[in-house]
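>>> the following comprises the amino acid sequence and a computationally predicted model.
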Amino acid sequence: MSAVLEIEGLRKTYRSRKRGVRRALDGFDMRVEAGQVHGFLGPNGSGKTTTLRTLLGLIRPNSGRMAILGQELPHALPAVAGQVGAIVESPQFFPHFSARDTLGLLAQAGELPKQRVDEVLELVGLRDRAGERVKTYSLGMKQRLAVASALLKNPKLLILDEPANGLDPGGIREMRGLMRELSENGMTVVLSSHILGEIQLICDSVTIISLGRRVAFGPVEQVLAAHSQGSVRVRLEAVGDLPQAADALTRAGVRVTTEPDHLLLSGVDKPATVSRLLAEQGLYVSELTPVAVDLESVFLELTATAPVPGQHRQVDQSAKVDQAGTTGGWGA
């Protein structure tokens, strides 16, 4: 696959009298392949929004390389702008305009066919409410309108910052289906969200950023596998036997965490050996379950272990998986 978006060694430094030097981006790397839904994750203040705004030409970086659709930025920004749709941070619209009027103005400004307005309203589920003024819309409906504005150009690359913000569970499911449909039709989607369960469901690959540096990258399954500890949950027929079982397993070289009603084992390659070892001690297992790691736990692990502000570098754990592989003028 060819890369639709490439970032190498991106750096952005802010200076102020009160805070001194702050590195918003500290050698950040990112790569998104064509046709993927790519999750871009990071805690507040990690550099995520700075990265997106830098890509869109709203912030000038100190150094680094950026390319969209093989075109080097910022030099080629005017050439690729028509092929990129984006919403970054909270979208703003004229409150007394209807959704159809809003999109109609954007389409006119972008010299797009009028029928595209109705097409995107249908895509985001606003067709039946298109004549109502935006000020009557809920937060979720405004978010749908923002996505519609980003889709007007039928872009090759769609960048969405928190598109599920304000949506109810049904709306989130619809948005998930829309992202998948767009991807299947050849559009590349970069999706930033704090709803990590949704990212795990919909995304083909992810990049996790913390303190301005990439800490994980790759296909979702491989990122999860790279941080799996081989954990196993063990319950016994008699809860009172847990201390004896923990002692026996520890002596056998297993890392054991004792919980009130079960044991959590780490680094177990063959769970069946646990059952056999405990049976030899006269201890009988009622449950032996591998604990599946999820994206939320990986995210919290990686971002919680980041160095405190002021330290220069952070270990890039993406090496484990790298081998695998505002509408601000952009909405229309």
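Alright, I've got the coordinates.
>>> in what helix or strand does residue 272 lie?
According to DSSP states H and E, residue 272 maps onto helix 271-280.
>>> other SSEs contacting the worst-scoring helix or strand of the chain on mean pLDDT?
Among the helical and strand segments of the chain, the one scoring lowest on mean pLDDT, DSSP states H and E is strand 263-266, with a mean of 84. Secondary-structure packing of strand 263-266 (3 or more CB pairs under 8 Å, 6 or more residues apart in numbering; DSSP states H and E): strand 232-236, helix 242-251, strand 255-258. C-beta: built from backbone N, CA, C; applies to glycine.
>>> pull up the pairing partners for that strand, direction included.
strand 232-236 (antiparallel), strand 255-258 (antiparallel) (DSSP bridges).
>>> now the angle from the helix holding residue 272 to helix 242-251?
If you take axes from the mean of the first three to the mean of the last three CA atoms, to 10 degrees, helix 271-280 sits at 120 degrees to helix 242-251.
>>> helices or strands up against helix 271-280?
If contacts are counted by 3+ CB pairs under 8 Å, 6+ apart, helix 271-280 sits against strand 232-236, helix 242-251, strand 285-290.
>>> now those as a markdown table including distance to residue 54 and mean neighbour count?
Output for these, formatted as a markdown table (distance: least, CB to CB, whole Å; neighbours: other CB atoms under 10 Å):
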| stretch | distance to residue 54 | mean neighbour count |
| --- | --- | --- |
| strand 232-236 | 43 | 19 |
| helix 242-251 | 50 | 16 |
| strand 285-290 | 41 | 14 |
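>>> adding mean pLDDT and distance to residue 93, write the ones you listed out as JSON lines.
Below are these laid out as JSON lines (pLDDT from 0 to 100; distance: least, CB to CB, whole Å):
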{"stretch": "strand 232-236", "mean pLDDT": "89", "distance to residue 93": "49"}
{"stretch": "helix 242-251", "mean pLDDT": "91", "distance to residue 93": "58"}
{"stretch": "strand 285-290", "mean pLDDT": "86", "distance to residue 93": "48"}
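>>> nearest to residue 8, of the ones you listed?
strand 285-290 (37.5 Å; CB to CB).
>>> can you tell me the strand partners of that closest one and which way each runs?
strand 232-236 (antiparallel).
>>> other residues contacting the strand it pairs with?
For strand 232-236, the external contacting residues (CB atoms under 8 Å, 6 or more residues apart in numbering) are 242, 245, 261-265, 268, 271, 274, 278, 283-291.
>>> could you say which helix or strand holds residue 80?
helix 77-80.
>>> who does whatever helix or strand comes next after that helix pair up with?
Going down the chain from helix 77-80, the next helix or strand is strand 84-87, by DSSP H and E. Strand 84-87 has its sheet partners listed here by DSSP bridges as strand 157-161 (parallel).
>>> how about the partner strand as CSV, C-alpha atoms only?
Extracted in CSV, the C-alpha atoms of strand 157-161 (Å, rounded to 0.1, in the frame of the first residue of the first chain):
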residue,chain,number,x,y,z
LEU,A,157,-8.1,12.0,2.8
LEU,A,158,-10.6,12.7,5.6
ILE,A,159,-9.3,14.0,8.9
LEU,A,160,-11.9,14.0,11.8
ASP,A,161,-11.2,15.2,15.3
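>>> in it, what counts as buried?
The neighbour-count criterion (16 or more other CB atoms under 10 Å) identifies 157-161 as the buried residues of strand 157-161.
>>> how about the strands of the stretch 101-250 of the chain, start to end?
157-161, 188-192, 205-210, 213-219, 232-236 (DSSP state E, counting those that start in this stretch).
>>> any idea of the mean pLDDT in the fourth one?
Just to be clear, that refers to strand 213-219. The predicted model assigns strand 213-219 a mean pLDDT of 94.
>>> paired strands for it, with orientation please.
strand 205-210 (antiparallel).
>>> the strand it pairs with vs strand 188-192, what angle?
Going by the same axes, to 10 degrees, strand 205-210 makes 30 degrees with strand 188-192.
>>> now strand 205-210: buried residues?
The neighbour-count check on strand 205-210 (16+ other CB under 10 Å) flags 205-210 as buried.
>>> perfect, that will be all.
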